[in-house]
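**Student:** build me a structure from this.
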Amino acid sequence: MISLSSKEILDKVSDTAAPKATMSTAKLLLLGILAGAYIAFGAEGSTMASFNLLANPETVGLGRFVMGAIFPCGLMLVILCGAELFTGNCLMICGVLDKKAKVTGMLRNWAIVYIGNFIGSLMMVFFMSQTGLWATGGGMLGAMVVKIAAGKCGLSFGSAFVCGILCNWLVCLAVWIATGAGDTASKILGIWWCIMFFVMSGFEHSIANMYFIPAGIVASHNAEFVNLLGTDITNLNVQGFLLNNLLPVTLGNIVGGMVFAGMVYWFAHRRLK
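**Tutor:** Residues are numbered from 1 along each chain as shown. Below is the predicted model:
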């Protein structure tokens, strides 16, 4: 159950900004690496559970639901085990607006954590590429890894940006609920619903894409994976990853988490009496 009111959650979220803004670089980087790996665990596990359903046009909706049901485990690990996730840290704006932390401290946190998340995600891509698991289902899992990544790199800038907004709005609401929850079960349930919504809807999460797209790039070097689903990999490269997806999605994530979650509640409780 949620034991805190919305205003009390705001106070608690605001209080966390100062220690996050002043945390040592080494600690931020290490906890960022862990968060990137945890989100990647959710990404690879949800793909493993849903790849056959996603490959069939008649069961795509069910596949998205299964993927959405598994992926939230990544954020659960971040929240319950303790790690630093760039997208969740967009809520630090509450502490900045309350003058408990400086803008420079928030930006420093974002930069270090973002790099750490990237390292953790790429580490998981390497591990998965060495497991041989992408050959599961006669190579269909590997084919779906490629198709998911190619689809993300094929988005327009505007679509990726808006999908990024909607995604991190929900991610930060998941963090918001977990902050106010009075017990572990309530934290898990709150995280699960919000994250399931964004995954099932097809919204874009920058840190998850740090796993999804590099994994697809690596898997695309296997011609069998590419040919199984006839995936167009024209945009599936480093440029497509960084410019077509990661840049607009990251900007959208910042807007979604900072404006639609953090700043809206801050304005409601601090300015509208």
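**Student:** what helix or strand is Gly32 located in?
**Tutor:** helix 25-55 (DSSP states H and E).
**Student:** following that helix, which helix or strand comes up?
**Tutor:** Assigned by DSSP H and E, the successor of helix 25-55 is helix 60-70.
**Student:** run through who's touching that next one.
**Tutor:** Around helix 60-70, the neighbours that count as contacts under C-beta atoms under 8 Å, 6 or more residues apart in numbering are 42, 45-47, 49-56, 192, 195-200, 202. For glycine as for every other residue, the C-beta is placed from the backbone atoms N, C-alpha and C.
**Student:** if we use 6 Å, what do you get?
**Tutor:** Under the contact criterion C-beta atoms under 6 Å, 6 or more residues apart in numbering, helix 60-70 has outside partners Gly45, Ser46, Ala49, Ser50, Leu53, Leu54, Met196, Val199, Met200.
**Student:** list the buried ones in stretch 62-75?
**Tutor:** Within stretch 62-75, the residues that qualify as buried are 63-75, counting by 16 or more other C-beta atoms under 10 Å.
**Student:** mean confidence for it?
**Tutor:** The average pLDDT within stretch 62-75 is 97.
**Student:** repeat for stretch 250-259
**Tutor:** Averaging the model's pLDDT scores along stretch 250-259 yields 98.
**Student:** how long is it end to end?
**Tutor:** According to C-alpha to C-alpha, to the nearest Å, stretch 250-259 extends 14 Å from its N-terminal end residue to its C-terminal end residue.
**Student:** show me how far that stretch is from its chain's centre.
**Tutor:** Averaging C-alpha coordinates over stretch 250-259 and over its chain gives two centres that are 12 Å apart (C-alpha atoms, centre = their mean, to the nearest Å).
**Student:** which residues touch that stretch?
**Tutor:** Taking C-beta under 6 Å, 6+ apart as the rule, stretch 250-259 contacts Thr87, Cys90, Ile93, Phe161, Gly164, Ile165, Asn168, Trp169, Cys172, Ser206.
**Student:** redo that, cut-off 7 Å
**Tutor:** Contact with stretch 250-259 is made by 87, 90-91, 93, 160-169, 171-172, 204-206, as judged by C-beta atoms under 7 Å, 6 or more residues apart in numbering.
**Student:** these in helices, which ones?
**Tutor:** When helices are assigned by DSSP state H, the members of those inside them are 93, 160-169, 171-172, 206.
**Student:** can I get the buried residues of stretch 62-75 in a markdown table including distance to Trp266?
**Tutor:** What follows is these, written out as a markdown table (distance: C-beta to C-beta, whole Å):
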| residue | distance to Trp266 |
| --- | --- |
| Gly63 | 38 |
| Arg64 | 33 |
| Phe65 | 34 |
| Val66 | 36 |
| Met67 | 33 |
| Gly68 | 29 |
| Ala69 | 32 |
| Ile70 | 33 |
| Phe71 | 28 |
| Pro72 | 26 |
| Cys73 | 30 |
| Gly74 | 27 |
| Leu75 | 22 |
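**Student:** which one of those residues is nearest Phe127?
**Tutor:** Closest approach to Phe127 among the buried residues of stretch 62-75 (C-beta to C-beta): Gly74, at 15.0 Å.
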